[in-house]
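*Asks:* Predicted model and sequence follow; I will ask about them next.
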Amino acid sequence: MNEKRLIVLSGAVIGFIGVLLVYLGNARNYGICVACFIRDIAGGLGLHRAEVVQYIRPEVSGFILGAFIIALAAGEFRARGGSSPLLRFFLGFIVIVGALIFLGCPLRMVLRLAAGDLNALVGLAGFVAGIYVGIFFLHQGFSLGRNYPLGSSSGYVLPVLAIGLLLLVIIRPAFIFFSESGPGSLYAPVLVSLLAGLVVGVLVQRSRLCMAGGIRDLFLIKDPHLFYGTLALFLVALVSSLAFGYFQLGFVDQPIAHTDGFWNFTGMLVVGFGSVLLGGCPLRQIIMGSEGDTDAGLTFLGMLTGAAFMHNFGLAASPAGVPANGKIVVVLALAALLLIAVSNSVVTVPARTSKEVPSGASK
C-alpha cells in the first residue's frame, strides 16, 4: 500500500473508531481524546481528586502497545534520547494546559467539529495560528538538539508502564479511583477500548499521522500528505456522527465543551505552538515514545503531570467555562512557549561588509 492510501485509510479508520467508541460507552464527542484520557488516568491513579474524571483508560495502553509491537515487527524500534529531555517534559506539561482549557486534544477537536460543535472551529483557528507561530521559530533555527542511541531497556519503560496501567484497570485494586458520575464514569468495555487503542497505535505508527504535522507540512514544505489523513478522519467522523445520530450543529449545549471563544482559541494556540516545538501532537508523542524515543516518553509524563496540576488546583475548564486562574495559567503557558522558542533559536545574521558599523560601536 502506498503512503497516500495508508494515511487516508488510517485517518478514516480512526475517525470511525472515534465515533464507535461513543456508541459503545464513551462520553459524547469523547471517543478518542489523548488529553482527556491522560487526565482521566491521572485521576484514576489519585494524582488529582476531581471525582468526575477518574478512570484508567485502556485506549492509552492500546496506543502504546500497538505502536510498540508494530515498531518491533517492522524493525523500527530504537531506544534513543538526550534531546532536551527536561525541556520536553515541561513542553508536554504546557501542551496539556492548553488542551484542558479548550477541553480536548487536536484529535478530539476534529471529532468535535465533525459532530457539529462549532466551538471546535474556533479552537481549530487557534491551533492553526499556534502552528504558524511555531513554524516562524523553525525558520529562525529552533531546535531542541539531537538524540542519541540508548540501551534497549530504556525504550521498554513506556510499554511496561502501559501493561501496568492495563492490569490496574482490569484488577481494580482498592487504591485506584473510578468515577461514579461525569465523563470518567462513561466508557466502553475494557477489551473493546484496548482493541481500539491497539488499532489506532498500529495505524499511527505505520502512517505517521499527526494533527499538528499535517498542518505544519502544508505551511512549511507545501506537502499535503499528512493532512490527507486529518481530512479523511474528519469526513468519516462526520458521516459516522450523522449515521449514529450524534451530529448537533451549533455552539451551545455541546457535550463537554464551553462557549468562551477567546479561551478556546488561546488554549489551542498553546497546543499548536507547543506541538510544533515538540515535533508532533500529543498522540504522536505517545507513538514516538512507544518506538523507543525516551524524550517523547518524558513528554507523555509531562502531560500526565500537567493534567494532575490543572485539576488539583481547579484550573481546568469545564462546560461552565474557564476559571479565572485557568486563564492566568494559559497566558503564562503561552509566555513560557515564547521564551523557550526564542532561547532555542539560532537566527542567522548576514555577514557585515567592511563599511558597516555595528550599532553602538565606536566609529
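*Replies:* Yep, it's here. Predicted model, so just to flag it, every value in this text is computed and none were measured.
*Asks:* and Ser181, which of the three is it?
*Replies:* Taking DSSP: H, G, I helix; E, B strand; the rest coil as the rule, one finds Ser181 in the coil state.
*Asks:* How many residues are close by it?
*Replies:* 9 (other C-beta atoms under 10 Å). Backbone N, C-alpha and C define where each C-beta goes, glycine included.
*Asks:* got a list of what it touches?
*Replies:* Glu51, Val52 (C-beta atoms under 8 Å, 6 or more residues apart in numbering).
*Asks:* what bits of the stretch 1-150 of the chain have low per-residue confidence?
*Replies:* For the stretch 1-150 of the chain, the stretches flagged by pLDDT under 70 are 1.
*Asks:* which residue ranges form the helices in it?
*Replies:* Under the criterion DSSP state H, counting those that start in this stretch, the stretch 1-150 of the chain contains helices at 3-23, 34-44, 58-73, 85-102, 106-114, 119-139.
*Asks:* Out of these, the one nearest Pro189 is which?
*Replies:* Counting by C-beta to C-beta, Pro189 lies closest to helix 58-73 out of the helices of the stretch 1-150 of the chain; the figure is 9.0 Å.
*Asks:* Give the buried residues for the closest one.
*Replies:* Applying a neighbour-count criterion of 16 or more other C-beta atoms under 10 Å, one finds 58-71 buried in helix 58-73.
*Asks:* Could you point out which of the helices of the stretch 1-150 of the chain sits nearest Gln248?
*Replies:* helix 106-114 (10.4 Å).
*Asks:* before we move on, the earlier item: what two of the buried residues of helix 58-73 are the furthest from one another?
*Replies:* Pro58 and Ala71 (19.8 Å).
*Asks:* Double-check Val95 against Met268; I have them as touching.
*Replies:* No: taking contacts as C-beta atoms under 8 Å, Val95 lies outside contact range of Met268: 10.4 Å.
*Asks:* out of those two, which sits in the more crowded spot?
*Replies:* Set side by side, Val95 and Met268 show more neighbours around Val95, with 33 against 30, by other C-beta under 10 Å.
*Asks:* Report the contact partners of the closest residue to the more buried one other than its chain neighbours.
*Replies:* Counting by C-beta to C-beta, 6 or more residues apart in numbering, Val95 lies nearest to Gly274, which is 4.0 Å off, once chain neighbours are set aside. Counting by C-beta under 8 Å, 6+ apart, Gly274 touches Leu91, Ile94, Val95, Gly98, Gly130, Gly134, Leu337.
*Asks:* how close does the fourth one sit to Gly306?
*Replies:* It refers to Gly98. Going from Gly98 to Gly306 by C-beta to C-beta, to the nearest Å gives 9 Å.
*Asks:* More neighbours: which of those two?
*Replies:* Using other C-beta under 10 Å as the criterion, Gly98 and Gly306 rank with Gly98 on top: 31 against 28.
*Asks:* Now do the SS call for Phe234.
*Replies:* Secondary structure state of Phe234, per three-state DSSP, is helix.
*Asks:* And the pLDDT for it?
*Replies:* For Phe234, the model assigns a pLDDT of 98.
*Asks:* Hmm, it is touching Ala114, no?
*Replies:* Yes: here Phe234 reaches Ala114: they are 5.3 Å apart, a contact under C-beta under 8 Å.
*Asks:* what's the overlap in contacts for these two?
*Replies:* Common contact partners of Phe234 and Ala114 (C-beta under 8 Å, 6+ apart): Gly15.
*Asks:* quick one, which of the two is more surrounded?
*Replies:* More crowded of Phe234 and Ala114, by other C-beta under 10 Å: Ala114, with 25 against 17.
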